[in-house]
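J.: Next input, structure requested:
(one chain, ligands or ions: 1)
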Amino acid sequence: MNTPDKVYERIVKAAEAVRRLLPDGQKDFKPKLALILGSGLGGFGSEIDIVAEIPYRDIEGMPVSTVEGHKGQFIFGYCGGAPVVLMQGRVHYYEGYSMEDVVMPVRVMRLLGADFLFLTNAAGGADPTFSAGDFMLITDQIMNFVPSPLIGGNVRQLGTRFPDMSEIYDKQLRNVISETAEKLDIPLKQGVYCQLTGPNFETPAEVRMARILGADALGMSTACEAVAARHCGFRVCGISCISNLACGLTETPLSHREVQETADRVAPLFTALVKRSIEEICKL
Ligand code: HPA
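T.: Residues are numbered from 1 along each chain as shown. Below you'll find the model as predicted:
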């Protein structure tokens, strides 16, 4: 495990590399909001006025995703006039990366100046009233099945040793997203996201357990990013695309293909909801 100073140095170096790779005239581009694109939102780049696309592999020390359908790059640009950075592709704990690796890009985006972090993902619905294709505003989370990304010496340059997590998902941002969904006439559920390690989907017994513990949606990302983001001072919000009902709630076996197909099917609505929400959040 790296020492806190090494962890910090790695983030600083990556942020410096990004600055070097930004085009002339944009070297001091300061994103206001950072957006992590989950399944179905991979094409979100076409919604913004792009200033630069920087592949992760060109950035010193950045982890590069191995998952099918996950591109790996930062996209810098303007969304409704507001400066934003998008992560097209994220790395997952189940790929074998350490939690330090998994949350590194979040920390880099904070160093680049972003104040808001908008998390998106595809998730399995554990609430039996959910349907595939629903959207769920994340109100809170459970991540006790994966290690905290803050384990190890505290990186004091980023935040405090024992950060408060009483409101990971910012109330004001949640209100903005709910109001935006209402304006767009897009139904929006609410609930608790639970991160499991994956890559296997859960068993029916594990889904029942997660449900008893208070989970409404199950996934393999996001919660660890949210904890690292709160630690370093981001204001955080997130939406899950319910790509399938969790195992045991339907007869059909789960597949990555089903997840991808549902996410792709509702992508236009998801894109509209996220885009308009970002525009409103950036006015705050
Ligand atoms: N479980 C865990 N992660 C997921 C699921 C699921 O059912 N669907 C999409 N990501």
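
J.: Kindly report the residues of this structure close to the ligand.
T.: Contact residues, the chain versus the ligand (C-beta under 6 Å from any ligand atom): 122-124, 201-202, 218-220, 243-244, 246, 254, 259. Using the backbone N, CA and C atoms, a C-beta is placed for each residue, glycine as well.

J.: Would you pull up the residue in the stretch 51-200 of the chain closest to the ligand?
T.: Here the stretch 51-200 of the chain gets closest to the ligand at one residue, Gly124, 2.0 Å apart by C-beta to the nearest ligand atom.

J.: Tell me how far that residue lies from Arg257.
T.: 14 Å (C-beta to C-beta, to the nearest Å).

J.: quick one, which of the two is more surrounded?
T.: Of the pair Gly124 and Arg257, Gly124 is the one with more neighbours under other C-beta atoms under 10 Å, namely 27 against 9.

J.: could you pull out the helices for the stretch 101-250 of the chain?
T.: For the stretch 101-250 of the chain, helices defined by DSSP state H, counting those that start in this stretch occupy the ranges 171-184, 204-213, 223-231.

J.: Please list all residues in contact with the residue nearest the centre of the chain.
T.: By C-alpha atoms, centre = their mean, the chain has its centre lying nearest to Leu119, at 3.1 Å. Going by C-beta atoms under 8 Å, 6 or more residues apart in numbering, Leu119 touches 36, 38, 138, 222, 225-226, 229, 236-239.

J.: out of the residues you listed, which one sits closest to the ligand?
T.: Closest approach between the contacts of Leu119 and the ligand, by C-beta to the nearest ligand atom: Gly38, at 9.0 Å.

J.: Quick one, grab the pLDDT at Thr66.
T.: Note for Thr66: predicted pLDDT of 69.

J.: change the start of the numbering to 39 and stick with it
T.: Understood, numbering begins at 39; the last thing we discussed is Thr104.

J.: I figured Cys270 hits Leu196, correct?
T.: Yes. Using C-beta atoms under 8 Å, Cys270 is in contact with Leu196, at 4.2 Å.

J.: so what's in contact with these two at the same time?
T.: In contact with both Cys270 and Leu196: 145, 148, using C-beta under 8 Å, 6+ apart.

J.: just checking, the residue of the stretch 89-238 of the chain closest to the ligand touches Ile280?
T.: Yes. The pair Gly162 / Ile280 is scored as a contact, 7.3 Å apart, by C-beta under 8 Å.

J.: List the residues that are in contact with both of those two.
T.: Jointly contacting Gly162 and Ile280 under the rule C-beta under 8 Å, 6+ apart are Ala255.

J.: Please identify the deepest-packed of the helices of the stretch 139-288 of the chain.
T.: Mean neighbour count (mean count of other C-beta atoms under 10 Å) peaks for helix 261-269 among the helices of the stretch 139-288 of the chain, with a mean of 26.

J.: what helices or strands is that helix leaning on?
T.: For helix 261-269, the packing partners by 3 or more C-beta pairs under 8 Å, 6 or more residues apart in numbering; DSSP states H and E come out as helix 137-149, strand 154-163, strand 173-180, strand 227-233, strand 273-283.

J.: now the longest one: how far from the chain's centre is it?
T.: Averaging C-alpha positions (C-alpha atoms, centre = their mean, to the nearest Å) puts helix 137-149 11 Å from its chain's average.

J.: Kindly report the same for the second one.
T.: When C-alpha coordinates are averaged (C-alpha atoms, centre = their mean), strand 154-163 and its chain have centres 5 Å apart.
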